[in-house]
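> sharing a sequence plus its predicted fold:
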Amino acid sequence: MPDAPDGAPAARLVRVVPGGPVMVEGPVDVEMEDGTRVRSDRFIVALCACRRSKNYPFCDTSHRRKIRTSTTEDRARDD
């Protein structure tokens, strides 16, 4: 990624997707809790925010498989 005009490293865009992953402009190195690093060379990297991914720290869309339970308000609206 090119430097900014003042010589500082250019900022990466990070987008938080409500109910979904954290999207980061790649490539990225992710440092895990145990100090190991994993790398993705993709242009846009989806990082798991729900910890359901079998490919953690990368998102595999497991968050989409969560079964929603309806609330009393939802049932009233459906009637």
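Sure, I can see it. Source: prediction; values computed, not measured.
> going forward, measure contacts and count neighbours with C-alpha atoms only.
Noted.
> for the protein, which segments are assigned as strands?
14-16, 22-25, 28-31, 37-40, 44-47 (DSSP state E).
> which of those strands sits most buried?
Burial of these is given as mean neighbour count (mean count of other CA atoms under 10 Å); strand 44-47 ranks first at a mean of 20.
> who touches that strand?
Strand 44-47 is contacted by residues 21, 22, 23, 24, 25, 26, 27, 28, 56, 57, 58, 59 when judged by CA atoms under 8 Å, 6 or more residues apart in numbering.
> same check on stretch 11-23?
24, 25, 44, 45, 46, 47, 48, 49, 50, 59, 61, 63.
> how far away is the second one from residue 40?
For residue 25, the distance to residue 40 equals 10 Å [CA to CA, to the nearest Å].
> can you redo the strands of the chain as JSON lines with mean pLDDT and distance to residue 7?
What follows is the strands of the chain, written out as JSON lines (pLDDT from 0 to 100; distance: least, CA to CA, whole Å):
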{"stretch": "strand 14-16", "mean pLDDT": "94", "distance to residue 7": "21"}
{"stretch": "strand 22-25", "mean pLDDT": "95", "distance to residue 7": "20"}
{"stretch": "strand 28-31", "mean pLDDT": "94", "distance to residue 7": "20"}
{"stretch": "strand 37-40", "mean pLDDT": "95", "distance to residue 7": "25"}
{"stretch": "strand 44-47", "mean pLDDT": "95", "distance to residue 7": "24"}
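> ok, the contacts of stretch 11-23 vs residue 9, which is closest?
When the contacts of stretch 11-23 are compared for distance to residue 9 (CA to CA), residue 25 wins out at 13.9 Å.
> ok, the closest one touching residue 43?
Yes. Using CA atoms under 8 Å, residue 25 makes contact with residue 43 at a distance of 6.0 Å.
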